[in-house]
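Enquirer: Okay, here's the prediction I keep looking at, along with the sequence it came from:
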Amino acid sequence: MPGTPDDATRGLAEEVLSIARSELPGLDARIGYVDGEGDEFPALEAVLTHVAAERDARVAARRDADDQEGSDAEAGP
């Protein structure tokens, strides 16, 4: 989100996200501010870092589940 982080820009961003999520179910959209900081107005870089870490955790969990399924299939009944 460009501009100075404040309640007005956050309200606008939340409204846009609400509309986008209603049109695109499953959309994982986040609000990050170019000049943000802290929890209330998180910096874009922090938001992107958090999303990347979540993605990596999901990939690792899926890989572990696939490995487990493969080892179960090899063991047989």
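Expert: That came in fine, so what should we check first? Residues are numbered from 1 along each chain as shown.
Enquirer: what about this structure, any weak spots by pLDDT?
Expert: Scanning the chain for pLDDT under 70 picks out 72-77.
Enquirer: so what's the residue most central in space within the chain up against?
Expert: Taking C-alpha atoms, centre = their mean, the centroid of the chain lies closest to V51, which sits 4.1 Å from it. V51 makes contact with 28, 30, according to C-beta atoms under 8 Å, 6 or more residues apart in numbering. Any C-beta I mention is one placed from the backbone N, CA and C, and that applies to glycine too.
Enquirer: how distant is the lengthiest helix in the chain from the center of its chain?
Expert: Determined from DSSP state H, the single longest helix within the chain is helix 44-75. Remark: helix 44-75 is offset 14 Å from the chain centroid, using C-alpha atoms, centre = their mean, to the nearest Å.
Enquirer: how many other residues sit next to H50?
Expert: For H50, the neighbour count with other C-beta atoms under 10 Å is 13.
Enquirer: Just list the residues touching it, thanks.
Expert: Per C-beta under 8 Å, 6+ apart, neighbours of H50: R30.
Enquirer: measure it to D67 for me?
Expert: 26 Å (C-beta to C-beta, to the nearest Å).
Enquirer: Same check on A20?
Expert: According to C-beta to C-beta, A20 stands 35 Å off from D67.
Enquirer: L44 now?
Expert: With C-beta to C-beta as the criterion, L44 and D67 are 35 Å apart.
Enquirer: Please apply the same query to I31.
Expert: Distance, I31 to D67, by C-beta to C-beta: 36 Å.
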